[in-house]
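Visitor: sequence-free structure coming up:
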């Protein structure tokens, strides 16, 4: 399959309800290099996903198996930085915050608008988050 | 495991009823690079496949889980080209043809016999298929 | 490094003159999984590329070696389809056309606008190209 | 995630009852390179493993599915070599020995203590095992 | 590129003088999964190799750089086993044998003809080689 | 090659002067999965490295090419945390600090000794570094 098409397929899959999509490099029979497409989907969207795979890709077969998905609880808040507001995603396990992470798109936009390295943005955010979490 | 052996194992697995065999590069514990062998098989051939894995490979364990396989309906027909007949594999989803593909072995043989690039063979076949599908 | 950052870095590298950028999954010392970033660049842009790598990524070292790049000659033309014009990229080796390929972005846009599978767009283009090349 | 942390996580997972841990290089949405962490665990240790994943890694989600594990029967014995004793791991399928393999750590120690190539140690062990198995 | 074509290309490359051919899974720009084809070739066959790449594959560019190849000295001899003769490939570094390895194709044929596991063939050969090397 | 041996080889290579060692999953001829071992070394240690490769691994050939290595300037200092001292590695590009990173082994030890998640250690260190860098 033309590798340019993957991002296109991916977008269609997410639009159709896919919860996650990832690709794994594999070696098929007779040593043929290939890409395995893995899709996580609720059963209600299963049929739509199948349709996209068969109509849009060169795949002629699908394997399905049930998985149980465990996700951290998350909430979002706005952190004010000297560059403007950045959305922070906090994740909680058993009520305890185990991760706080700025939204990448916010950091990217700020790095671009201010013509600074994205590492600088992450550092600034990290500093403010430490202060914030200390309170 | 000696990498030369993979193709040998693969052949034995297909002979014993495997429906698909593929390999994935993984990193095992302590950073050891390895190859995960994945085999799709009907339950009736499960035991034969297990025997081959344990007797022919260095693997000492297998993990099994059930999958549901969905395959496109397919049919085959012969397309006459100026180089001779080429088998075409048509695949159908919900009654609509979503893929038509020449058999690789036919194209390979033709490229070899006529001393032309295999891309040339695919192009010739593609052209005829368009005309055929237009009718 | 945060995997979200790769596309950001990539864009910056291309803007700074990189001719190609690709990533390879590798296993570093002590079994640490990592991504090797490979960049093809003319010597005139070498310094700018270096600056981006060191300022934007977590990399602390670069290895450089000279390569000679051989590229096919290419030209572009517009093909009129029932869905509108599609840019075709022809590549030539020793004066002979060895590849003709529609621009992905055109096909993607057409598939989206017409709500059809991108495979359908490629098929339509392929058909017209065969007719065109026959003349 | 900092690639240095993987070995640390791995150790914690094994201490908490993981039966196997491996990593697969994958490509996530938007072309982001990533590492999929796969863990095999008995249901009794499932909760402890989950706790480690969420508290120690940057992962915010887990997918679970049941697998049936088939393992070869194994026993261990000491083989006396001119370099000292080496533990040999024999594996049996249907009562037949299908693999006999020296413990890597023994071979590593011997190679180090005797300042010889580890291939030499394996060769010596292999020779003695053949003689032993012939009896 | 159609993954079926790789083995075909590979054969053509070796026929045209390639000393080695291997493939590496990579991630191209915009997160496109791809396969990097690496070819080792003497300068005298460089042009033929280039012709195959551009005429037979979808590649539109090649990068070249000089490498110095260091190979072990090797010789071959026939080892008589109870299953018939097996070619053994010995490799020498600084005059010392560092590797002795049966030819895979011989072992494969023997396993097939005698309907035994290929591991059995390797074990038999290994045993005889130890005895032989002891003399 | 037995995957257990890689870490052993790696250690020997670093002891013999290798500046970097990494592994890449590749697909060799006839579809054989393999691992490419890449070693960065100064010419003065080239011979020792070659000896290890040929005596300790199953490799029978090496390809060499010159690379120019560019490394960031680095210095180290001790940061006092409530858990004890942690070594910080600062990296500089054109006189500007572009990275400050705690030594993994210190963080690992602290996480172990205090029975806390290593993420907690990194967070504490990150907080103190921000305060320190602000002065």
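Guide: Received the coordinates, thanks. From a predicted model like this one, the values you see are computed outputs, not experimental measurements.
Visitor: part of a helix, is residue A:92?
Guide: No: counting by DSSP: H, G, I helix; E, B strand; the rest coil, residue A:92 is not found in a helix; it is strand.
Visitor: neighbours of it, how many?
Guide: 16 (other CB atoms under 10 Å in any protein chain shown). Yep, even glycine has a C-beta here, placed from its N, CA and C like the rest.
Visitor: how about the spatially most central residue of chain A, nearest residue that isn't a chain neighbour?
Guide: In chain A, the C-alpha nearest the mean C-alpha coordinate belongs to residue A:20, at 7.3 Å (CA atoms, centre = their mean). Among residues not flanking residue A:20 along the chain, residue A:40 sits closest, at 4.0 Å (CB to CB, 6 or more residues apart in numbering or on different chains).
Visitor: how much space between the residue nearest to the centre of chain A and chain B?
Guide: Applying CB to the nearest CB, to the nearest Å, one obtains 18 Å for the distance of residue A:20 from chain B.
Visitor: and that residue, what does it touch?
Guide: A:38, A:39, A:40, D:29, D:61 (CB atoms under 8 Å, 6 or more residues apart in numbering or on different chains).
Visitor: quick one, phi psi at the residue in chain A positioned nearest to chain F?
Guide: Nearest residue of chain A to chain F, counting by CB to the nearest CB: residue A:31, 1.1 Å away. Torsion angles at residue A:31 (phi, psi; degrees, to the nearest 10) stand at phi 70, psi 20.
Visitor: just the pLDDT for it.
Guide: Residue A:31 carries a pLDDT value of 95.
Visitor: cool, the one 10 residues further on as well?
Guide: Residue A:41 carries a pLDDT score of 98 in this model.
Visitor: care to break chain A down by domain?
Guide: Segmentation of chain A into domains, based on automatic domain parsing, reads A:5-56, A:73-134.
Visitor: all helices for chain A, in order.
Guide: Along chain A, counting by DSSP state H, helices occupy A:5-15, A:46-56, A:104-114, A:118-134.
Visitor: shaky segments in chain A?
Guide: A:134-135 (pLDDT under 70).
Visitor: which residues does the closest residue to the residue of chain A closest to chain F other than its chain neighbours contact?
Guide: Spatially, and ignoring its direct neighbours in sequence, residue A:31 is nearest to residue F:31 (1.1 Å; CB to CB, 6+ apart). Contacts for residue F:31 (CB under 8 Å, 6+ apart) come out as A:27, A:30, A:31, A:32, B:6, B:7, E:6, E:7.
Visitor: just checking, residue A:72 touches residue D:54?
Guide: Yes: between residue A:72 and residue D:54 there is a contact at 6.2 Å, judged by CB atoms under 8 Å.
Visitor: okay, those two: which has more neighbours?
Guide: Remark: of residue A:72 and residue D:54, residue D:54 carries more neighbours, 25 against 19, as counted by other CB under 10 Å.
Visitor: ok, now which ones touch the more buried one?
Guide: By CB under 8 Å, 6+ apart, the residues touching residue D:54 are A:72, A:91, A:93, A:98, D:60, D:62.
Visitor: who touches both of residue A:72 and residue D:54?
Guide: Applying CB under 8 Å, 6+ apart, one finds that residue A:72 and residue D:54 are jointly contacted by A:91, A:93, A:98, D:60.
Visitor: ChimeraX command to pick out the buried ones of those?
Guide: Entered in ChimeraX, the line below selects the buried ones among the shared contacts of residue A:72 and residue D:54, by 16 or more other CB atoms under 10 Å in any protein chain shown:
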select /A:91,93,98 /D:60
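Visitor: could the shared contacts of residue A:72 and residue D:54 go into CSV alongside distance to chain C?
Guide: Formatted as CSV, the shared contacts of residue A:72 and residue D:54 follow (distance: CB to the nearest CB, whole Å):
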residue, distance to chain C
A:91, 15
A:93, 20
A:98, 17
D:60, 13
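Visitor: give the contact list for the residue in chain A sticking out farthest from the centre.
Guide: Going by CA atoms, centre = their mean, the residue of chain A most distant from its centre is residue A:30, 33.1 Å out. Residue A:30 makes contacts with B:7, B:10, E:4, E:7, F:31, as judged by CB under 8 Å, 6+ apart.
Visitor: go again using 10 Å as the cut-off
Guide: By CB atoms under 10 Å, 6 or more residues apart in numbering or on different chains, the contact list for residue A:30 reads B:7, B:10, B:11, B:21, B:104, E:3, E:4, E:6, E:7, F:30, F:31.
Visitor: likewise residue A:70?
Guide: Residue A:70 sits next to A:93, D:46, D:50, D:53, D:54, D:60, D:61, D:62, D:63, D:64 when contact means CB under 10 Å, 6+ apart.
Visitor: which of those are buried?
Guide: So, by 16+ other CB under 10 Å, the buried ones in the contacts of residue A:70 are A:93, D:46, D:50, D:53, D:54, D:60, D:62.
Visitor: closest to residue C:122 among those residues?
Guide: Using CB to CB, the shortest approach to residue C:122 within the buried ones among the contacts of residue A:70 belongs to residue D:60, at 37.0 Å.
Visitor: the residue nearest to residue A:37 when sequence neighbours are not counted bridge partners, please.
Guide: For residue A:37, ignoring the flanking residues on the chain, the nearest one in space by CB to CB, 6+ apart is residue A:23 at 5.8 Å. Going by DSSP bridges, residue A:23 is paired in beta bridges with residue A:37, residue D:27.
Visitor: cool, thanks, talk later.
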